[in-house]
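1. dropping the sequence and predicted coords here.
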Protein chains: 4
Amino acid sequence: MIESGVPGKAGARLKYGLVGGGPGSFIASVHRAGIDMTRSAEIAAGCFSRDGAKNTATGAKLGIERGRVYSSYAEMAETEAARPDGIDFVVVTTPNDTHYAICRAFLEKGVHVSCDKPLCLTTDEALDLDRTAREKGLIFMVTYAYTGYPLVRQAREMARSGALGDVRVVVAEYAQDWLAEKPEDSKDVWRTDPAQAGISCCVGDIGTLIENVVHFVTGLEIDKISAVLSSFVEGRRLDDNAMINVKYRGGAMGHYWPSQVAIGRENSLSFRIYGSEGSLEWNQENPNEMRYAKKGTPPMILTRGGYGLGASAARWTRMPSGHPEGLFAAWANIYEAFCNTLTNRARGKPRDELDIFPTAFDGARGVKFVHDCVASGESGGIWIDGSAPEKF
Amino acid sequence: MIESGVPGKAGARLKYGLVGGGPGSFIASVHRAGIDMTRSAEIAAGCFSRDGAKNTATGAKLGIERGRVYSSYAEMAETEAARPDGIDFVVVTTPNDTHYAICRAFLEKGVHVSCDKPLCLTTDEALDLDRTAREKGLIFMVTYAYTGYPLVRQAREMARSGALGDVRVVVAEYAQDWLAEKPEDSKDVWRTDPAQAGISCCVGDIGTLIENVVHFVTGLEIDKISAVLSSFVEGRRLDDNAMINVKYRGGAMGHYWPSQVAIGRENSLSFRIYGSEGSLEWNQENPNEMRYAKKGTPPMILTRGGYGLGASAARWTRMPSGHPEGLFAAWANIYEAFCNTLTNRARGKPRDELDIFPTAFDGARGVKFVHDCVASGESGGIWIDGSAPEKF
Amino acid sequence: MIESGVPGKAGARLKYGLVGGGPGSFIASVHRAGIDMTRSAEIAAGCFSRDGAKNTATGAKLGIERGRVYSSYAEMAETEAARPDGIDFVVVTTPNDTHYAICRAFLEKGVHVSCDKPLCLTTDEALDLDRTAREKGLIFMVTYAYTGYPLVRQAREMARSGALGDVRVVVAEYAQDWLAEKPEDSKDVWRTDPAQAGISCCVGDIGTLIENVVHFVTGLEIDKISAVLSSFVEGRRLDDNAMINVKYRGGAMGHYWPSQVAIGRENSLSFRIYGSEGSLEWNQENPNEMRYAKKGTPPMILTRGGYGLGASAARWTRMPSGHPEGLFAAWANIYEAFCNTLTNRARGKPRDELDIFPTAFDGARGVKFVHDCVASGESGGIWIDGSAPEKF
Amino acid sequence: MIESGVPGKAGARLKYGLVGGGPGSFIASVHRAGIDMTRSAEIAAGCFSRDGAKNTATGAKLGIERGRVYSSYAEMAETEAARPDGIDFVVVTTPNDTHYAICRAFLEKGVHVSCDKPLCLTTDEALDLDRTAREKGLIFMVTYAYTGYPLVRQAREMARSGALGDVRVVVAEYAQDWLAEKPEDSKDVWRTDPAQAGISCCVGDIGTLIENVVHFVTGLEIDKISAVLSSFVEGRRLDDNAMINVKYRGGAMGHYWPSQVAIGRENSLSFRIYGSEGSLEWNQENPNEMRYAKKGTPPMILTRGGYGLGASAARWTRMPSGHPEGLFAAWANIYEAFCNTLTNRARGKPRDELDIFPTAFDGARGVKFVHDCVASGESGGIWIDGSAPEKF
């Protein structure tokens, strides 16, 4: 299980800064809760809001010293990079259209980055962040947090070690119902507004999470995509449902179904992976168990912390079996892997091969996937190239 | 619940004849078990095998009088039709390529027909049977037996009465694993042989069952189909998996996934139907319950025989709630509906609107669906017309 | 799987007579459906009602020849026994207080018997039937039908072969809710009337089914019982819930919870058996799967017809895996075992060791269990002797 | 949902001290994780180990200033109470036999207390702590953390508001398998050693958690208890399984089954509560959903964050529905309720009625329950008085 408490730049815990995360920001509070659970890092600086008063108030509430609450991210990047006790990494939780500029600013100053998904508006922007981080020798995480679940990592270990044989079929879905009607009064109404959300609502928000988790687990590379994006609620201008078929390189087939109009489903991300030697079935809503069927034997229920698991699941488990872990722990796990990687690098130690987390290139892959789905959809669902972007 | 025991042509129970169903025929024994459970009909004639000795032996075993065991179906049709106590209907369980000629022979002699799916090799043949039956005033059932489950009928009643609002999304699948490897020694190996099975294995065998049950429940008409058929086992010449996206008339979207290589899945036919007012989720492997979510309320578990069901489910329930009914009862239900319809007709009574069963036109619809999927698949999965055939 | 169609006394199928089972009798129709499914026997005689007109009508409806519809069971026993083509066995589905006399009458005339549970009002009566059957060389079945489920038989095979090690703990329950309120208008109101139902409602009706299935599976012998019987609905005079702890010989412990006031539960009979090497968990409402945990490995889902099953389950399976079987098939299985046993005896062949069904002694065991529970309950739940009766 | 960050004695977050929790202490790390998640308190002092070097090392690792790492709890109580910035509360995670003296020492110095369960070795000790806390005007929490789950609080709200009608039957269990064999090498072997674990292993460790959660939810008061404690593993001297029947005041009946030899079960704490108007069923291993059946309607699935929940569940939910929360969040919830209570008191504000957590009296109730079970068990399972202790 997890041992926490790694030292950072300032000699003790790592220090991080937060860009975004003003009052009422749910996702910023989840980032912070995940980091807190690792006990590997603590907040030391921030630029929370363009509204000066709110910015100051949030800084005070979070116990950040006054001089490290910044009114511009550029100033924050510059000042923190120059301090001997400056932040080790920045957490970016601003609206999607600002990710690129902010992330770039910190990378240029030599600060490691953790950024929300979707990473950027265009694949090229995302690839540029990836290249910049590599060139600067910096670590970049995109917070696809579902990859942090121990059983998702177990699935990855099994799929990639050949326990499933050749993967033939992937059936994955992400079903929600919160957009089954027009959420007129919701603060989330921006998601269905092209001006704010960009080219896609459903695929951009949750379709990309399917794409990410399937790739994370299987390593399969998409070759072709056929996607039909629908907008079922009257007056809605972006998609709230998609039916996506994918052909992978090598001949495997997949189906991805993201939906925000699936009444009765809350946050039902699931994948089912069928190979020539066995299959795995997992659902995020009950993340502590996974169904594993080995060819010719009765299906088994693998449980987090239980029998028959490998090193990946063991490494990322915080509670004994039967003591459920939730999504906060998954967030903690990606942050723990990220922080360990920073610390090992600072100490000149090699990276632990179990310290896995999604990277800027995974972010670029996600952005291209959304663009590909939209492009196919706009042509009535024709098959188009859906391959991963090429690295700059 | 069900009251059985309707009178037939000969004054008491209906009499039926069986074509096919020689020794070891599983499906013929299921037909017979379903009919037996209705107590509405009994076997009186048969043409079981081209092998005379086997034919005689089967007739004896089934207690059929010697003179009504025929060596040719044509002779059987002719002779039985001429007898004053001749069979009321024929059950056809021969290989698919013989259905058309056999069914036609009996229709021409004025005998009602119950035939296995898939109904014919071509849509035109199927449409011809449909037209012939209509012209002769005869009843024709295609035994898509899953439509007999009480909760499938409940789903139909709900979907068609508007309880789900406008149906937006259908996700349906039929996952098996018995062809995950090459079944060299299996008697079912013919299914993967184009010479015997025709143009499709997986879509033809089980994909069509998805198509049927979804249409039965929702009444949705397919507009366009995009299908990718795969053949994952080396050396196999027909499909063992398909990813099928469908656009329905009116804008709803569907995904059908039939697979025979889904290791760990036995016979997992399920449908999930999402409308603007609610959703239903049902799986054939646990057919006595169905999940129903009404917009804005906690999801409910509807049970066969339990609270909150309508007339359809009540009509077709044989056991109190909590006393599980299986697939035999579903077969009994379609046969009971069929026999009631014959009897009411014989008595000059109107047809009971709950006496629903799949017809020759449903069979034609299924045949066209298979052809459409194969055609799309052969072109790499392009979208093609997938609409129902037009009646002759 | 099952091959049916065994010859009886009259050269072909066995013939049976029915005592009880007038119009509207649910349980008689279940007996008949179970027998029909075996195709091993057919009805040939009956004494259905004390009301002559109804008796005649039922006989006609069932197609029984006039001379074999009797107005008294005694006459039926005598006459049928004397006929060369007389019935092979009698099915007794009358109210409980009449079982003893009726069964005895047929045994004395040399007719095999199948009788509903609970077998008798007193243990001595039940033991007398057991002794009489043995002395006459007759077969006596008590229709505890849940023992007919293939996975219950699989559980028995595993428990008795040592696959679970030493059984330590049994947790079994039977939860219903149909008596959660006073069923004033129900035809089943007699169950809560001491004059008609005897000393117990809940324990007598369903507690005894727990006792039977646990013993059937494990072979454990109860040593001591502590039972608290409650009557939660105002004005009710018999028990509608019981909490029963049992000490088995050898040190294992058990808990049985029968309830008819468990709102939300329909017919939830389940057992969970924990041994030193593994455990089994099964629920009647989803009878086609069973959870099996072997010490030190992930739990498995055993399915009827699936991988890893033994001879018992294979012998009693009628459908391939994933094609659900229900309670009718379980009834068919006990009747098939019973009929096979009769036939093998008639042919001088040894009994098939897989042809297992509950006997008169199991019936006696059940009657004593009810009396023991009531006796403990009347003394406030003290521990009393709960051992099986001694054979006469 | 939860808003965190309440001010304590020192003007900002509350400060706490930790007694126990040396290297490798799992439970202390869970306390700390729960508190961290609240962001309401931070560690400021500690007495972790009797081994001076380890004590110092743990203090350093936790970032506690040197002068606040104590070598005796008595000194810690005295010194911290005297500091103007002293700790607001102490967390006690030492072995059970030391709880009483430590808690008492802090209470006497005016420090609020949070202590592990079981609270003390005797009921009188526990009652004395309860009385002392009341007399001193201090807050005392016993960390029965399962009471922190939002749906457990929802169950409490429903049961206590009458939504279930009169509770008739409770069936609760806690099934584990980690003692199914002798854990020779385990650090937990002390649990089965009477010298270290006291009079009971299974009932003391997990039986008491059943008792607590059932009382927390229903408010039912036990009247009589009959318990059979078993020790199934050879050579074991304390109980590893118990069958406990309880009679509640007012006539309801309960069954509690704690087991540590239930192979295949990890940490399966569940309760099922049946009242005259409805029922609830919940299992700790999947804590984000609960089955609710209202009389005469289909059962519903209530989800944390979903439809149909009351104020209690809403108050203690940290993530939207479908985003699973685990056991850490439950720990955070009881600590958040505890910290809020301290803060409101410090501010002179009334206690929030939703700030519920288990008290010293609940701890006393638990200790008496264990003693009662053992006493009944030693007499063969006779019924004895099981009522709650009387307050001193």
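-> All right, it came through fine.

2. for residue A:273, which non-adjacent residue is spatially closest?
-> Nearest residue to residue A:273, sequence neighbours excluded (CB to CB, 6 or more residues apart in numbering or on different chains): residue A:280, at 4.9 Å. Where C-beta positions appear, they are placed from N, C-alpha and C, glycine not excepted.

3. show me what the one you found bridges to in the sheet.
-> When assigned by DSSP bridges, residue A:280 has beta-bridge partners residue A:273, residue A:292.

4. need the contact list for it.
-> A:155, A:158, A:159, A:164, A:217, A:271, A:272, A:273, A:290, A:291, A:292 (CB atoms under 8 Å, 6 or more residues apart in numbering or on different chains).

5. those residues into a markdown table, with extra columns for distance to residue D:16 and pLDDT?
-> Supplementary listing: the contacts of residue A:280 in a markdown table, determined by distance: CB to CB, whole Å; pLDDT from 0 to 100:
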| residue | distance to residue D:16 | pLDDT |
| --- | --- | --- |
| A:155 | 39 | 98 |
| A:158 | 42 | 98 |
| A:159 | 44 | 98 |
| A:164 | 47 | 98 |
| A:217 | 41 | 98 |
| A:271 | 42 | 98 |
| A:272 | 45 | 98 |
| A:273 | 45 | 98 |
| A:290 | 37 | 98 |
| A:291 | 42 | 98 |
| A:292 | 42 | 98 |
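
6. can you put the residues you listed in TSV and add distance to residue D:351 and neighbour count?
-> Output for those, formatted as TSV (distance: CB to CB, whole Å; neighbours: other CB atoms under 10 Å in any protein chain shown):
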residue	distance to residue D:351	neighbour count
A:155	46	27
A:158	50	24
A:159	52	23
A:164	55	26
A:217	48	26
A:271	46	26
A:272	49	22
A:273	51	25
A:290	43	27
A:291	46	17
A:292	49	25
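
7. the residue nearest to residue A:273 and chain C, how far apart?
-> 12 Å (CB to the nearest CB, to the nearest Å).

8. what's the angle between the one helix or strand residue A:257 maps to and strand B:253-259?
-> Applying DSSP states H and E as the criterion places residue A:257 in strand A:253-259. Relative orientation of strand A:253-259 versus strand B:253-259 (axes from the mean of the first three to the mean of the last three CA atoms, to 10 degrees): 150 degrees.

9. what pairs with strand A:253-259, and is each one parallel or antiparallel?
-> Strand A:253-259 is paired, per DSSP bridges, with strand A:167-175 (parallel), strand A:241-248 (antiparallel).

10. with distance to residue C:66, mean pLDDT and mean neighbour count added, can I get those in a markdown table?
-> Formatted as a markdown table, these follow (distance: least, CB to CB, whole Å; pLDDT from 0 to 100; neighbours: other CB atoms under 10 Å in any protein chain shown):
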| stretch | distance to residue C:66 | mean pLDDT | mean neighbour count |
| --- | --- | --- | --- |
| strand A:167-175 | 62 | 98 | 26 |
| strand A:241-248 | 65 | 98 | 26 |
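
11. any idea of the mean pLDDT in the strand holding residue A:257?
-> Strand A:253-259 comes out with an average pLDDT of 98.

12. how about residue A:277: what's its closest non-neighbour residue?
-> Nearest to residue A:277 is residue A:165, by CB to CB, 6+ apart, at 3.1 Å.

13. three-state assignment of that neighbour?
-> coil (DSSP: H, G, I helix; E, B strand; the rest coil).

14. is it in contact with residue A:273, as I believe?
-> No: shown here, residue A:165 and residue A:273 do not form a contact pair, counting by CB atoms under 8 Å, at 10.7 Å.

15. distance of the residue of the stretch 51-200 of chain A found nearest chain B from residue D:356?
-> Residue nearest to chain B within the stretch 51-200 of chain A: residue A:168 (4.6 Å; CB to the nearest CB). Distance of residue A:168 to residue D:356, given as CB to CB, to the nearest Å: 52 Å.

16. now the strands: where do they sit in the stretch 251-392 of chain A?
-> Taking DSSP state E, counting those that start in this stretch as the test, the strands found in the stretch 251-392 of chain A are A:253-259, A:268-275, A:278-283, A:289-294, A:300-303, A:384-385.

17. contacts for the first one, please.
-> Outside of strand A:253-259, the residues that reach it under the criterion CB under 8 Å, 6+ apart are A:168-176, A:202-203, A:205-207, A:209-211, A:214, A:220, A:222, A:240-248, A:265, B:169, B:171, B:228, B:230, B:241, B:243, B:255, B:257, B:274.

18. so for that strand, what gets flagged as buried?
-> A:253, A:254, A:255, A:256, A:257, A:258, A:259 (16 or more other CB atoms under 10 Å in any protein chain shown).

19. next: stretch A:341-357.
-> Counting neighbours by 16+ other CB under 10 Å, stretch A:341-357 gives A:341, A:342, A:343, A:355, A:356, A:357 as buried.

20. the residue in the stretch 101-250 of chain A that chain D sits nearest to: what's it in contact with?
-> Nearest residue of the stretch 101-250 of chain A to chain D, counting by CB to the nearest CB: residue A:176, 7.2 Å away. Contacts for residue A:176 were tallied using CB under 8 Å, 6+ apart; they are A:206, A:259, A:260, A:262, A:265, A:266, A:267, A:268, D:322.

21. same check, this time on residue A:68
-> By CB under 8 Å, 6+ apart, the neighbours of residue A:68 are A:17, A:44, A:45, A:46, A:59, A:79, A:80.

22. my guess is the fifth one contacts residue A:46. True?
-> Yes: using CB under 8 Å, residue A:59 makes contact with residue A:46 at a distance of 5.7 Å.

23. joint contacts of the two?
-> Contacts common to residue A:59 and residue A:46, judged by CB under 8 Å, 6+ apart, are A:68, A:69.

24. of the two, who's got more company?
-> residue A:46 (27 against 23; other CB atoms under 10 Å in any protein chain shown).

25. for that one, grab phi and psi.
-> Taking degrees, to the nearest 10, you get phi -170, psi 160 for the backbone angles of residue A:46.

26. pLDDT wise, what is it at?
-> 97.

27. that one is in contact with residue A:60, isn't it?
-> No: the pair residue A:46 / residue A:60 is not scored as a contact, 10.7 Å apart, by CB under 8 Å.

28. domain assignment for chain A?
-> Using automatic domain parsing, the domain parsing of chain A gives A:14-146, A:150-286+A:288-317+A:363-378.

29. can you lay out those as a markdown table showing distance to residue D:102?
-> A markdown table is the format used below for those (distance: least, CB to CB, whole Å):
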| stretch | distance to residue D:102 |
| --- | --- |
| domain A:14-146 | 25 |
| domain A:150-286+A:288-317+A:363-378 | 31 |
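
30. could you find the closest non-adjacent residue to residue A:365?
-> Spatial nearest neighbour of residue A:365, chain neighbours left out: residue A:388 (5.1 Å); criterion: CB to CB, 6+ apart.

31. next: residue A:15.
-> Closest to residue A:15 by CB to CB, 6+ apart is residue A:44, at 3.8 Å.

32. let me know the secondary structure of residue A:215.
-> helix.

33. skipping its backbone neighbours, what lies nearest it in space?
-> Residue A:215 sits nearest to residue A:365 (CB to CB, 6+ apart), 6.8 Å away.
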